[in-house]
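**Q** With the input below, show me the fold.
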Amino acid sequence: MPKQQTEVRELQEGNYVMIDDVPSKITAYSTSKPGKHGSAKARVEGTGVFDGQKRNFTQPVNRKQGQVVSVSGNDMQVMDLETYETITMRIPEDLDPESDDEIEYLEFEGQRKVV
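**A** Model prediction:
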């Protein structure tokens, strides 16, 4: 079966997933709602297909707000409205941003995606 990337929220018990670069069968899956001091999290537990070892991972996903500062070609400069950091992001095909537009984006381990 070919390897494909999927969203954590689409995982279910019994599915197969790579945990620590090891193919594993999901034995438990739970999610928590965002709390007062944190973001939503998904916890996935699995058993290695070849070695039978238990593995797990927790994945926080941060939703952030930004303001478009400028647009140039396929990229846009976005200022994070919380930290005021300016970042360059690829413009999705279904978005036609203009300066001063507010956008929402997801951030995980240095990766960002407009939603």
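**Q** and the helix or strand harbouring residue 26, C-alpha only, in PDB?
**A** Using DSSP states H and E, the element containing residue 26 is strand 22-32. The C-alpha atoms that make up strand 22-32 are tabulated as PDB, following Å, rounded to 0.1, in the frame of the first residue of the first chain:
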ATOM      1  CA  VAL A  22       8.000   2.500  12.300                       C
ATOM      2  CA  PRO A  23       4.700   1.100  10.700                       C
ATOM      3  CA  SER A  24       2.300   0.700  13.500                       C
ATOM      4  CA  LYS A  25      -1.300  -0.300  14.000                       C
ATOM      5  CA  ILE A  26      -3.400   2.200  16.000                       C
ATOM      6  CA  THR A  27      -4.700   0.700  19.200                       C
ATOM      7  CA  ALA A  28      -6.100   3.900  20.800                       C
ATOM      8  CA  TYR A  29      -6.900   7.400  19.700                       C
ATOM      9  CA  SER A  30      -8.200  10.300  21.700                       C
ATOM     10  CA  THR A  31      -8.500  14.100  21.300                       C
ATOM     11  CA  SER A  32      -8.700  16.900  23.800                       C
END
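**Q** Tell me how far the most far-flung residue of the chain relative to its centre lies from residue 19.
**A** Taking CA atoms, centre = their mean, the residue of the chain most remote from its mean C-alpha position is residue 51, at 28.2 Å. Going from residue 51 to residue 19 by CB to CB, to the nearest Å gives 12 Å. Yep, even glycine has a C-beta here, placed from its N, CA and C like the rest.
**Q** before we move on, the earlier item: who does the strand holding residue 26 pair up with?
**A** Neighbouring strands of strand 22-32 in its sheet, by DSSP bridges, are strand 16-19 (antiparallel), strand 41-48 (antiparallel).
**Q** so which of these is the most packed in?
**A** strand 41-48 (a mean of 18; mean count of other CB atoms under 10 Å).
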